[in-house]
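Trainee: Here is a sequence together with a model predicted from it:
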Amino acid sequence: MSRIDRVFLVGPMGAGKSTIGRRLAARLALSFVDLDAAIEARTGVDIPRIFDIEGEAGFRRRESELLETLTRQPRTLLATGGGAVLDPANQRCLRERGQVVYLRADVATQIARTRHSDRPLLRGDDPAGRLAAILEARAPIYEAIADISIDTRDGSPERIAEQLARRLQQTEPSHDG
Ligand SMILES: Nc1ncnc2c1ncn2[C@@H]1O[C@H](COP(=O)(O)OP(=O)(O)O)[C@@H](O)[C@H]1O
Ligand SMILES: O=C(O)C1=C[C@@H](OP(=O)(O)O)[C@@H](O)[C@H](O)C1
Ligand SMILES: [Mg+2]
């Protein structure tokens, strides 16, 4: 069985990166880190507040700074935020340092799973339209950097984590790790 050292979850808001990530990390005996939670722990405020105070640009700077560090941690599964792949430097860190898993979700699924939360980019009217535009822009990036991808529409977080653990343990890491 291959020794999996680092796994990075990418995908749109509501795909289940934070939820499935925790379960998948446990199955792979990896430490689990959620990038958003790490940003909040470092700043002492939640993501919406960071957007309010520093704007998206300030959030992206913090996100890239922590991603650069956390993608070096051994024996770790890192659940990224949906926009972490926008920065080309982040794309390189993810692609070169571990196994990238793309959790796919269509807009209807995203809406259903994010409607009770405050994601700054979905504030205001027409969240579905915003999600559709965001997904159209980012899907090519997710596809380009992913080693594995999975549709998260059908199945519980546990079931998807089980399927991913099996697939990851069957594939040899394509990185030095
Ligand atoms: N496969 C799934 N089936 C049903 N609900 C899910 C699934 N994956 C995640 N969820 C729920 O959707 C919401 C968003 O999940 P989350 O892990 O925060 O997504 P992300 O980190 O990708 O934005 C949470 O309430 C979570 O419990
Ligand atoms: O898609 C995005 O740009 C964002 C996704 C969020 O993380 P999740 O994908 O875990 O919701 C969080 O990083 C922030 O609200 C920005
Ligand atoms: Mg998340």
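Mentor: Yep, that arrived. Ligands and ions are numbered 1, 2, ... in the order given.
Trainee: May I have the phi/psi pair for Thr152?
Mentor: phi -100, psi 10 (degrees, to the nearest 10).
Trainee: give me every residue that touches it.
Mentor: The contact partners of Thr152, by C-beta atoms under 8 Å, 6 or more residues apart in numbering, come to 11, 15-16, 20, 103-105, 109, 160. For glycine as for every other residue, the C-beta is placed from the backbone atoms N, C-alpha and C.
Trainee: in what helix or strand does Tyr102 lie?
Mentor: Under the criterion of DSSP states H and E, Tyr102 resides in strand 99-104.
Trainee: ok, back up a step: which one of the contacts of Thr152 is nearest ligand 1?
Mentor: Distance to ligand 1, by C-beta to the nearest ligand atom, is smallest for Gly16 among these, at 2.8 Å.
Trainee: mean confidence for the strand holding Tyr102?
Mentor: On average, the pLDDT along strand 99-104 is 98.
Trainee: What is it packed up against?
Mentor: Packing partners of strand 99-104 (3 or more C-beta pairs under 8 Å, 6 or more residues apart in numbering; DSSP states H and E): strand 6-10, helix 127-145, strand 148-151, helix 157-170.
Trainee: tell me the most buried of those?
Mentor: Ranked by mean neighbour count under mean count of other C-beta atoms under 10 Å, those are led by strand 6-10, which reaches a mean of 27.
Trainee: can you list contacts of the longest helix along the chain?
Mentor: Using DSSP state H, we find that the single longest helix of the chain is helix 47-70. For helix 47-70, the surrounding residues in contact (C-beta under 8 Å, 6+ apart) are 33, 35-36, 38-40, 42-43, 45, 76, 78, 80-81, 83-84, 86-87, 89-90, 93-94, 118-121.
Trainee: helix or strand right after that helix?
Mentor: Next element after helix 47-70 (DSSP H and E): strand 76-79.
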